[in-house]
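A.B. asks: need coordinates for the following:
(one chain, ligands or ions: 2)
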Amino acid sequence: ASYTVDVIPGDGIGQEVTPAATACVDALAERHDFTIEWRDRDWGSDHYRSTGRMLPVDGLEQMADADAILLGAVGDVDIPDDVTLWGLLIPIRREFDQYINLRPSRTLPGVPSPLAGDKKLDVVVVRENVEGEYSEIGGRFRRGQPDELALQEAIFTRKGVSRVTRFAAQLATERSGRLVSATKSNGIIHTMPFWDEVARETVAEFPGVTLEKVLVDALAARVVLAPDSLDVVVASNLFGDILSDLAAAVAGSLGVAPSANLNPEREHPSLFEPVHGSAPDIAGKGVANPVAAIWAGGMMLRHLGQPEAADTLEAAFGAVLAEGTRTRDLGGTASTTDFTDAVLARLRK
Ligand code: NAI
Ligand code: MG
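C.D. replies: Numbers count the residues shown, from 1 in each chain. Ligands and ions are numbered 1, 2, ... in the order given. Just a heads-up that it's a prediction; the model follows:
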C-alpha cells in the first residue's frame, strides 16, 4: 500500500516533534511493507506574517486528495491564538468533516503520574469536533457601554450528537462495553437534555454497551479520584476539550498525549496531532517530548489500515519510556533526538 500524507510541522516545538514522528513512520514503512509520500507544508505563523493567512487561499484544496494530515502545532506569542486556531485547525476540521476528536490517555510505565497510590488510568475521550459550543453565532453588543453584552450560541444537531455517540458506542464495544456521556443537563436546560436524549436513543442500538450519563463537573473529579471507573467517554466539543486535557495531565504529561481528528467515513483526510501546543517556553531547545507526536503518527497508521505497524510503534516508545529514557518534562535528561533515536533503534532491530 502507498499513502500520501500532508505534513504541517507548524510553529515552535511542532518543528521539533514532527520530524520525530515522520522518521518513526518511515522506519515502520520498511518493516511493514508500505510507502508514504510526505508532502511538506510550511504553513503556520511565518506564513501568516508574510501573507496575512495561516494557510494559502487554496490550502484546503491542496490537501483534499491526501490520505491523512500530520500536524505539529500552531501558535506564536505575537499572534492572537484565535487567529492561529481559526485560521488553520478549525477550517481543516470543518472542511474535511472531522467530526470525531479521539484522545486516548493512559498511565505508562516510566511516566510519573500525579495519581495517588498505584491508581491507573486508561481512557479514550471521544470529543465532538465540529459543532457544540465552538460556534461563530453570536456577537458583542453595545461595546464599551456599561450595559455591554456578549452572546455565543451553542449548536447541537440530531445528526451531530447521534454520529459522535454512535462512534463512541462502537469503540466501547471493542473495549470494555462501558460508555460514559458527559452532560450538564441540570444547568444547561436546552442543549444538554437534547444531548442526553439522542445519546440514549443511539446507544440503545448497541446491546453490549452500558451508557452512564454523568454531570461534567462530577466527571472531572472522577477522572482524578476514580480513573479506573472510566473507559470510553463521549462529550461535546468544549467538555471533551477540558476532560481530555485533564486526562492527559493525570496520565503524566501533555508531552505524551496524542489526538486524532477523524472523518470516519474516509470521504476526506483525517488529521493527527499531539494535544499540546507550540510550547514557546521550550521551543528551539531540543528538549520537547516527542511521544505525543510519535503516538499521533501511530494513530494515523491505525486509521490508514496498518494496525500492526501502529502496535509495533506503541510497543517501541512504551519500551523506551519503561527502560528509563525520558525527556525533561518527565524528569529525565534525554533530548528530543536522544529519545527518538532510541525508538528508531528498536524499530530497526
Ligand atoms: P502548550 O501545550 O504549548 O504548553 C503548555 C506547557 O506544557 C508548557 O509549559 C510547555 O512547555 C509544556 N509542553 C507542551 N508540550 C510539551 C512537550 N511535547 N514536551 C515537553 N513539554 C511540553 O500550551 P500553551 O502554552 O497554552 O500554548 C502555546 C501555544 O500553542 C499557543 O499559541 C496556543 O494557542 C498554541 N496551541 C496550539 C494547539 C494546536 O496547534 N493544536 C493546541 C494547544 C495550544
Ligand atoms: Mg485543548
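
A.B. asks: render the CA-only coordinates of the longest helix along the chain in CSV, please.
C.D. replies: Longest helix in the chain, counting residues (DSSP state H): helix 14-32. Extracted C-alpha coordinates of helix 14-32, given in CSV (Å, rounded to 0.1, in the frame of the first residue of the first chain):
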residue,chain,number,x,y,z
GLY,A,14,5.9,21.4,16.3
GLN,A,15,9.1,21.8,14.2
GLU,A,16,11.0,19.6,16.6
VAL,A,17,8.5,16.8,17.3
THR,A,18,7.0,16.3,13.8
PRO,A,19,10.3,15.1,12.3
ALA,A,20,10.4,12.5,15.1
ALA,A,21,7.0,11.2,14.1
THR,A,22,7.8,11.0,10.4
ALA,A,23,11.1,9.3,11.0
CYS,A,24,9.4,6.6,13.1
VAL,A,25,6.7,6.1,10.4
ASP,A,26,9.4,5.8,7.7
ALA,A,27,11.2,3.2,9.8
LEU,A,28,7.9,1.2,10.1
ALA,A,29,7.2,1.5,6.3
GLU,A,30,10.3,-0.6,5.6
ARG,A,31,9.3,-3.3,8.1
HIS,A,32,5.6,-3.4,7.3
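
A.B. asks: after that helix, which helix or strand is next?
C.D. replies: Next in sequence after helix 14-32, counting helices and strands by DSSP states H and E, comes strand 35-40.

A.B. asks: distance check, the residue nearest to residue 293 when sequence neighbours are not counted against residue 349.
C.D. replies: Counting by CB to CB, 6 or more residues apart in numbering, residue 293 lies nearest to residue 17, which is 3.7 Å off, once chain neighbours are set aside. All C-beta atoms are positioned from the backbone trio N, CA, C, and that covers glycine. According to CB to CB, to the nearest Å, residue 17 and residue 349 sit 23 Å apart.

A.B. asks: specify which residue of these two has the higher count of neighbours.
C.D. replies: Higher neighbour count among residue 17 and residue 349: residue 17, with 28 against 7, using other CB atoms under 10 Å.

A.B. asks: contact partners for that one?
C.D. replies: 72, 274, 288-290, 292-294, 336 (CB atoms under 8 Å, 6 or more residues apart in numbering).

A.B. asks: same deal with residue 16?
C.D. replies: 283-284, 286, 288, 290, 336.

A.B. asks: can I get the CA coordinates of stretch 322-330 in CSV?
C.D. replies: Extracted C-alpha coordinates of stretch 322-330, given in CSV (Å, rounded to 0.1, in the frame of the first residue of the first chain):
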residue,chain,number,x,y,z
ALA,A,322,9.9,1.9,30.6
GLU,A,323,13.7,1.4,30.3
GLY,A,324,14.1,5.0,31.7
THR,A,325,14.9,7.1,28.7
ARG,A,326,12.8,10.3,29.4
THR,A,327,12.7,13.9,28.3
ARG,A,328,12.8,16.7,30.9
ASP,A,329,9.1,17.1,31.3
LEU,A,330,9.1,13.5,32.7
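
A.B. asks: touching ligand 1 at all, that stretch?
C.D. replies: Yes. Interface with ligand 1: stretch 322-330 contributes residue 329 (CB under 6 Å from any ligand atom).

A.B. asks: so which of the contacts of residue 17 are in strands?
C.D. replies: Judged by DSSP state E, the contacts of residue 17 include 72, 274 as members of strands.

A.B. asks: which ones, among the contacts of residue 17, also lie beside ligand 1?
C.D. replies: Within the contacts of residue 17, those near ligand 1 by CB under 6 Å from any ligand atom are 288-289, 292.

A.B. asks: who touches the closest residue in space to residue 256 that isn't next to it in sequence in this structure?
C.D. replies: Using CB to CB, 6+ apart and skipping residues adjacent in sequence, the residue nearest residue 256 is residue 291, 4.4 Å away. By CB under 8 Å, 6+ apart, the contact set of residue 291 is 255-256, 317, 321, 327, 339.

A.B. asks: please repeat the previous calculation with a cut-off of 10 Å.
C.D. replies: Counting by CB atoms under 10 Å, 6 or more residues apart in numbering, residue 291 makes contact with 17, 20-21, 108, 111, 252-253, 255-258, 274, 317-318, 320-321, 326-327, 329-330, 339-340, 343.
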